[in-house]
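A.B. asks: sequence unknown, structure follows:
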C-alpha cells in the first residue's frame, strides 16, 4: 500500500481503486495562514518592535524567486519562512493549441541551463501519447546527451554557485574561528586532489580567482563540447525529437564524445574527494552543521536513462521500463522507498494553488489513468493553468509557484534524489560501473590519468545542506559512468549496423491521446503531462524540480521544502552586531537545493530593521 | 579609426520581446552585409562564460568588438541610438560573482557580458556598444515603426564601426565597468 493519505487502495490482484463510502474523497483542509502570521506579529510586538518590510521584485537582472525569513538573532533561530516565485512563465499557456512537435523546442526554453532535459521530457510525453518506440541507438544517444548535460550542470553548481559559501573568503567573514582549524586539518583525499590542508582547498574555492572555481569553468566547456556533438547546440539542443534523435551518429561522433567524457573520470574522483574533505571538516568541527537545511529525506524522482532493450514509451509498460533505468524512479518518505513504479508516482501527484497566483480550475477530465488507477481532480492531467495576479500576502497568496505534492506530502527533488533512490531501492539492472547496496552506491571509475578507483556514496544519517551537495558531487562520476556505459553500447550498436536513431511517426488528426514524460533535470524530478486532441495540444503541464522545492505552503499548512529546510536551520554564523549578519547558514541551506532560478533571499532580523539580501542564483528554469 | 582590425559584430538580446529583440532580429541582416574578411558576425546570446571561452580560443584575437543591443534608458526616444565606447574597469568582486552566477544560468545581459569579458581580459583594443532605445518591454515578434525606420541607419553605423570607414561623425559616450550598473539602471 503506497498511499497513506490519498483515497486509493489496492485489491488482492494489485488493482487500484478509489476507497468507497467517502463522500468527497479528494477533500482537503485549508488552514488560515493568518494565524501563524498573527502569532509572529505578536511575538515581535512583545519584543518591542514591529516592522513592515516591502520586498522588491527581487533579482538584479531576471527576478524569479525570493525567499523571506524572519530570524531571531539573539536566540539564533529562524522564526518564519516564505518561498515566493515572482515571475509567471506560462509555458503551459504558450503550448496550448500548438502542434505537439513544437513542444520539445518550446519547452526547452523553460531553462537557460537544462534545455535538453525539457526537450527530452517533452519527447517522452509524446512518445507515450502516440506509442512511439525509438530505436536502440536513439535511446542510448539520448542517455549520453543528458548525462553530459549533468556533467555541465553539477560542477557549475558545486564550484561556481555553491562553492564560494565554503571558501576561505566567505568562511573567514562568517565563521573566522574555523580558519585556523582548517589550516591545521590535513585533507584525507590529498592523493586524489593534491591539497594538503582543508584551508588549501578553501582558498581555491574562492570565487573568481580560486583554481577550483576556474577549473570548473573550464570543465563546463568540456561538457558543452561533448554535448554539441549530439545536441547540435547548447543549451537548447536541436536534435531531440519524439522517437529518438535527429542527428547521424558515427564512430567519429562517438570518438569526439569519448575524448571529452574521459576527462570526467579524474574530475569525478577529484570532486568527490574535495567535497568529502570540506564537508567532513565542517561536520566534525561543529556537529550542529548537520542541522543546516535539514529535513526528512522525503523526495520524489522520475528516474532517468532508459535501457534500449526495455524502453518502449508506453504507459502500459512504464513500471517495467522505469525500473530498468540506470536511475530508479520513485518516492522516498523519510528515507524509506515507498514506490518505484511510475504509474504510482504519476497517480499520487497533485498540484494546489491556494497560496499561488492562480485560479482553481473546474472539472475533472480524467478520473482514472488508462489502467484504472484513480486520479485526483488536482492531478496535472486535470489541471488548468489560470493565472490570477494579485497582492502578495503571507496570509493568503504569495507565489507564482504552485504546491505540488505526492500523496499529500511536499516532496523534495534533486540530483541527489536520483542517487538516493537508486542506491536504496536496488532495482536498477546490474552494471559494471555501478553497484547499489541498499545503503550506498559504489561507482567504479576507470583509469585515466588517475588510477582506477571505487568511489562509494553512502546514504547519510541526516539529510542536510552538506549531504545534498556531497551527493551532488558523487553524481558527477555517477553520470560519467552511465554516459560511458551507454557510449560502449552505442559503439556496439554501430558495429552491429544498428544505426537508426529515430522512429518515424505521424500526429493523428483526430481523437485524444495522453501521455507524460518523466525524466530528470540536473536538479532532479521533471514531468511534462500532455493531452493531444485532434492533432493539437489541449493541455500541457510542467512540474520542474523547483516547482517542488520552492513550493509555498500546502493548503493544509505544510511548508514547502525550502521553507522547511530553512526553518530547521540553526544560525551558526558569528557576528557582533545584527548589521554584520550575513545569513550564510540560510544561504547554504537554500543553495544546497541548487535552486532553479535566479533566486534572491531576504532575511529580516527580528527587532531590527536589518534586511540581508543575497543572490542564490542557479539555472533560470521555471516555475509555471 | 584603424581599419583592417580583426573584428566581431555580436548581437545580444532576448527573442520575442518587441523592440528589445531588435539585436537578434538584426542578426541575419548583419550576416548579409557586405563586410571584409576580417569582420565576423555572431550572436552572443549563448552565455558570457562561453563567449569568453570562445574569445580565448580565437587565434589571433578579435581586436575590435561591436555589440548591438537595445537597453531601455530614461530620456531617450524609441529608436534613438547611442554609441558607447567601453573604457574597461570592473565593479566589486561580489558584483562580478553575481554576473557569473547569472551568466552561468542562462541570463542574457549585455552588462554581464561586458563585465565578465573584462574580468577575463578578452576585450583587446576596442569594444563599442551600439545601443538603440527600445522603449518599454512588450511581448511579440514585431518592431514598432520608429524602430523599423532606424534599421538602415543601425546597419550602416555598425558597418562603419566594424570597418573603421566612417561616413558620419559618431558622437561617442563612454562606459566603465565600475559604473556600469549605476549607469544602465538609471
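C.D. replies: That came through fine. Please read these numbers as outputs of a predicted model, since none were measured by experiment.
A.B. asks: Next, count neighbours for residue B:40.
C.D. replies: 15 (other CB atoms under 10 Å in any protein chain shown). Just so you know, the C-beta spots here come from the backbone N, C-alpha and C atoms, and that holds for glycine as well.
A.B. asks: can you list contacts of stretch A:243-263?
C.D. replies: A:123, A:127, A:132, A:134-135, A:137-139, A:141-142, A:144-145, A:148, A:151, A:219, A:222-223, A:225-226, A:229-230, A:232, A:238-240, A:448, A:480, A:483-484, A:487, A:490-491, A:494, A:499-505 (CB atoms under 8 Å, 6 or more residues apart in numbering or on different chains).
A.B. asks: distance between the ends of that stretch?
C.D. replies: Its first and final residues considered, stretch A:243-263 spans 30 Å by CA to CA, to the nearest Å.
A.B. asks: now that stretch: mean pLDDT?
C.D. replies: Taken as a whole, stretch A:243-263 carries a mean pLDDT of 97.
A.B. asks: Buried residues of that stretch, list them for me.
C.D. replies: A:243-245, A:247, A:249, A:253-254, A:256-258, A:260-263 (16 or more other CB atoms under 10 Å in any protein chain shown).
A.B. asks: same question, stretch A:146-154
C.D. replies: A:146-154.
A.B. asks: Can you add secondary structure, pLDDT and distance to residue B:80 and give the residues you listed back as a markdown table?
C.D. replies: Shown next, in a markdown table, are the buried residues of stretch A:146-154 (DSSP: H, G, I helix; E, B strand; the rest coil; pLDDT from 0 to 100; distance: CB to CB, whole Å):
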| residue | secondary structure | pLDDT | distance to residue B:80 |
| --- | --- | --- | --- |
| A:146 | helix | 96 | 45 |
| A:147 | helix | 97 | 48 |
| A:148 | helix | 97 | 44 |
| A:149 | helix | 95 | 41 |
| A:150 | helix | 96 | 45 |
| A:151 | helix | 97 | 45 |
| A:152 | helix | 94 | 39 |
| A:153 | helix | 92 | 40 |
| A:154 | helix | 95 | 45 |
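A.B. asks: May I see these arranged in a markdown table, with distance to residue B:167 as well?
C.D. replies: Conversion of the buried residues of stretch A:146-154 to a markdown table gives the following (distance: CB to CB, whole Å):
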| residue | distance to residue B:167 |
| --- | --- |
| A:146 | 51 |
| A:147 | 53 |
| A:148 | 48 |
| A:149 | 47 |
| A:150 | 51 |
| A:151 | 49 |
| A:152 | 45 |
| A:153 | 48 |
| A:154 | 51 |
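A.B. asks: before we move on, back to that, pick the one among the buried residues of stretch A:243-263 closest to chain B.
C.D. replies: Closest approach to chain B among the buried residues of stretch A:243-263 (CB to the nearest CB): residue A:260, at 13.8 Å.
A.B. asks: Could you check how far residue A:94 is from residue A:150?
C.D. replies: As for residue A:94, its distance to residue A:150 is 26 Å (criterion: CB to CB, to the nearest Å).
A.B. asks: With residue A:390 instead?
C.D. replies: 37 Å.
A.B. asks: swap in residue A:575?
C.D. replies: 37 Å.
A.B. asks: which stretches of chain B aren't confidently modelled?
C.D. replies: For chain B, the stretches with pLDDT under 70 are B:182-186.
A.B. asks: Now do the same contact list for the residue of the stretch 351-500 of chain A found nearest chain B.
C.D. replies: Closest to chain B within the stretch 351-500 of chain A is residue A:387: 13.9 Å, counting by CB to the nearest CB. Residue A:387 makes contacts with A:88, A:90, A:93, A:357-359, as judged by CB under 8 Å, 6+ apart.
A.B. asks: among those, which are in strands?
C.D. replies: Members of these lying in strands (criterion: DSSP state E): none.
A.B. asks: Separate out the buried members of the residues you listed.
C.D. replies: Using 16+ other CB under 10 Å, the buried ones in these are A:88, A:357-358.
A.B. asks: since we're on residue A:40, how many residues are nearby?
C.D. replies: Other residues close to residue A:40 by other CB under 10 Å number 15.
A.B. asks: So which elements touch the longest helix seen in chain B?
C.D. replies: Counting residues, the longest helix found in chain B (DSSP state H) is helix B:145-163. If you count contacts as 3 or more CB pairs under 8 Å, 6 or more residues apart in numbering or on different chains; DSSP states H and E, helix B:145-163 packs onto strand B:7-11, helix B:22-31, strand B:64-69, strand B:81-86, strand B:126-132.
A.B. asks: Between the buried ones among the contacts of residue A:387, which sits nearest residue A:170?
C.D. replies: residue A:88 (33.2 Å; CB to CB).
A.B. asks: could you measure the nearest residue to the closest one once chain neighbours are set aside against residue A:554, distance?
C.D. replies: Nearest residue to residue A:88, sequence neighbours excluded (CB to CB, 6 or more residues apart in numbering or on different chains): residue A:400, at 4.9 Å. Distance of residue A:400 to residue A:554, given as CB to CB: 16 Å.
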